[in-house]
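**Student:** sequence unknown, structure follows:
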């Protein structure tokens, strides 16, 4: 008998605050895995950033797709959209001193995701973007 890798799929319309549904699902999955509160909070914060980026920057009116995959002690989260895509090489990582002085304090999403998760990878084309993030139990 083959054991299947547990997977949860969520489809979110581009509606304000729908990223909160994604975090609630992540909390249930993290609890199922036995992840501690700190790791669960980090996952939630990174997921909020990934969802907001998809909602705001993809220029797509279609849904955002989220896949939560439990692979042993690792949670893999994929957030995908069917928007315009982007080149991560041209996305500037903000300078903290300049951002603190600026009126607009946004633009931290990618940096936050990379700080909060074990790995973060982007696959982007003119047909959409998928962000793949991992968090390991250990």
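**Tutor:** Okay, I see it. Values in this document were obtained by computation on a predicted structure and should not be read as measured data.
**Student:** quick one, what contacts residue 18?
**Tutor:** 12, 51, 55, 64 (Cβ atoms under 8 Å, 6 or more residues apart in numbering). Quick note: C-beta positions are derived from backbone N, CA and C, even for glycine.
**Student:** from those residues, which two are the most distant?
**Tutor:** Pairwise distances across the contacts of residue 18 peak at 8.4 Å for 12 and 55 (criterion: Cβ to Cβ).
**Student:** joint contacts of these two?
**Tutor:** Each of 18-19, 64 lies in contact with both residue 12 and residue 55 under the rule Cβ under 8 Å, 6+ apart.
**Student:** mind putting these into a markdown table with distance to residue 71, pLDDT and secondary structure?
**Tutor:** Formatted as a markdown table, these follow (distance: Cβ to Cβ, whole Å; pLDDT from 0 to 100; DSSP: H, G, I helix; E, B strand; the rest coil):
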| residue | distance to residue 71 | pLDDT | secondary structure |
| --- | --- | --- | --- |
| 18 | 26 | 90 | coil |
| 19 | 23 | 91 | helix |
| 64 | 22 | 93 | strand |
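**Student:** ok so, going back, between the contacts of residue 18, which is closest to residue 131?
**Tutor:** Lowest distance from residue 131 to these (Cβ to Cβ) belongs to residue 51, with 9.5 Å.
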